[in-house]
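Colleague: output the structure for:
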Amino acid sequence: GMGTDQHLSIKGGNASSDYYAAMNYTFNEGIVRNTDFRRYGARLRYNQTVNDWMSISMGLNYNNSFSNEKPDGNVFWSPVNAINITNNIYDITQRDELGNLQAAEPTRINPLSVIEDFDINQEVNRAIADVKISIFPFEGFSLTYLAGTDTYNQSGNTFIRPYPYSGVNPSFFNDGYASTATNQVFQMNHDINGSYTTIVTDNISSTTQFGFSSQFSKNQYTVADGRALAPFVETVNGAATPFAPRSNIARLQIWGYYLQQTFSLKDRLFLTVAGRVDGASSFSPDNRNQFYPKVSGSYLISDEDFWQGSGISSAISTFRLRASWGQAGNLTG
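Modeller: Purely as a prediction, here's the structure:
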């Protein structure tokens, strides 16, 4: 298959701001006839230094994609797999006087029917946006807030017309089949992270880090399908035998916050103590938050005078002892 990829972008700015904008178009034919993929995209990014203690960044990325597909994998409907399992004594290119393909093997589907007559397509509209605000009001302190969204709508359609030859196993929908499915996804996150570094004494420095994170996701899926299609109808409305529609909605929210403290003695001996609380809406209401502690330390021996004055420093320039202990957890299966 042939393909094309086109891209146009523009960028500019000055000492306090910069921008970037781009558009792209991609088209690829598949290695199987009547399969292809097309995508349009647009992207924007803008960064602004507001003043000496604040900066802002925001972006948007949008994509529309559409694909014409065929079944794949280890199934009889896969045109590649069907070629492998169809007995080669049959001529799969035989047609009647109207140009319709003929049966290639009893109870099976002619592989060319899948390539020529199956109409399976999928379309996705997706937008990803983010905004980031960073402030550093005084020396040693910084605070960053990041918010992002990822939302997309996915739709798919399948049409299998009744086969123009008899003898096909009913499990292959010999009387025709149509389906339509939609999937709506929304995801959003909020993140706050801060850090403060200061000199306590001539030999001791301190770094304090803290943060909060929240993520929400929602997924709504619906599908309707049926068989025994009326002539010239390619949608589920024309199915004389509709199947029960299916629908599912899933929501999940996870959150966490942490505090971490590190002390440094002469930039050689380091001690870190931290605690983190994580929670998820999928846990039971009385057990949604979990506490995870940790502690770690390290000693940079190679910076000591006795190490530098010994001959071993020429062979080993850096030597550090490190130990740590902590707990962590995951969402349930």
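
Colleague: quick one: the strands in the stretch 101-250 of the chain?
Modeller: Taking DSSP state E, counting those that start in this stretch, the strands of the stretch 101-250 of the chain run over residues 119-135, 141-160, 177-199, 204-229, 239-242, 246-265.

Colleague: would you single out the least confident of these?
Modeller: The weakest mean pLDDT among these belongs to strand 239-242, with a mean of 92.

Colleague: got CSV for the strands of the stretch 101-250 of the chain, with distance to residue 316 and mean neighbour count too?
Modeller: The way it works is simple: take the backbone N, C-alpha and C, and place the C-beta from them, glycine included. Below are these laid out as CSV (distance: least, Cβ to Cβ, whole Å; neighbours: other Cβ atoms under 10 Å):
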stretch, distance to residue 316, mean neighbour count
strand 119-135, 40, 16
strand 141-160, 35, 17
strand 177-199, 29, 16
strand 204-229, 26, 16
strand 239-242, 75, 15
strand 246-265, 22, 14
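
Colleague: any chance of those strands in TSV, with distance to residue 280 too?
Modeller: Below are these laid out as TSV (distance: least, Cβ to Cβ, whole Å):
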stretch	distance to residue 280
strand 119-135	23
strand 141-160	19
strand 177-199	14
strand 204-229	9
strand 239-242	38
strand 246-265	4
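
Colleague: out of those, which is closest to residue 77?
Modeller: Nearest to residue 77, of all the strands of the stretch 101-250 of the chain, is strand 141-160, at 8.7 Å by Cβ to Cβ.

Colleague: quick one: strands adjacent to the closest one?
Modeller: Strand pairing for strand 141-160, using DSSP bridges, gives strand 119-135 (antiparallel), strand 177-199 (antiparallel).

Colleague: just put these in TSV and tack on distance to residue 269.
Modeller: Converted to TSV, the strands paired with strand 141-160 look like this (distance: least, Cβ to Cβ, whole Å):
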stretch	distance to residue 269
strand 119-135	31
strand 177-199	16
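
Colleague: out of the ones you listed, nearest to residue 295?
Modeller: Short answer: strand 177-199, nearest of the strands paired with strand 141-160 by Cβ to Cβ, at 19.2 Å.

Colleague: gap between that closest one and the chain center?
Modeller: Strand 177-199 has its average C-alpha position 10 Å from the chain's average C-alpha position, going by Cα atoms, centre = their mean, to the nearest Å.

Colleague: now the angle from that strand to strand 204-229?
Modeller: Here strand 177-199 runs at an angle of 180 degrees relative to strand 204-229 (axes from the mean of the first three to the mean of the last three Cα atoms, to 10 degrees).

Colleague: got the CA coordinates for strand 177-199 in PDB?
Modeller: Output of strand 177-199 as PDB, limited to C-alpha atoms (Å, rounded to 0.1, in the frame of the first residue of the first chain):
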ATOM      1  CA  TYR A 177     -25.000  -8.900  10.000                       C
ATOM      2  CA  ALA A 178     -24.700  -5.200  11.100                       C
ATOM      3  CA  SER A 179     -23.400  -3.600  14.300                       C
ATOM      4  CA  THR A 180     -22.700  -0.200  15.600                       C
ATOM      5  CA  ALA A 181     -20.700   0.700  18.800                       C
ATOM      6  CA  THR A 182     -19.700   3.800  20.500                       C
ATOM      7  CA  ASN A 183     -17.100   4.500  23.300                       C
ATOM      8  CA  GLN A 184     -16.900   7.800  25.100                       C
ATOM      9  CA  VAL A 185     -13.900   8.400  27.400                       C
ATOM     10  CA  PHE A 186     -13.200  11.400  29.600                       C
ATOM     11  CA  GLN A 187     -10.000  11.700  31.800                       C
ATOM     12  CA  MET A 188      -8.800  14.600  33.900                       C
ATOM     13  CA  ASN A 189      -5.900  15.100  36.200                       C
ATOM     14  CA  HIS A 190      -4.900  17.800  38.700                       C
ATOM     15  CA  ASP A 191      -1.300  17.900  40.100                       C
ATOM     16  CA  ILE A 192       0.300  20.200  42.600                       C
ATOM     17  CA  ASN A 193       4.000  19.900  43.400                       C
ATOM     18  CA  GLY A 194       6.100  22.200  45.600                       C
ATOM     19  CA  SER A 195       9.700  22.300  46.800                       C
ATOM     20  CA  TYR A 196      11.600  24.400  49.300                       C
ATOM     21  CA  THR A 197      15.400  24.300  49.700                       C
ATOM     22  CA  THR A 198      17.200  26.300  52.400                       C
ATOM     23  CA  ILE A 199      20.500  26.400  54.300                       C
END
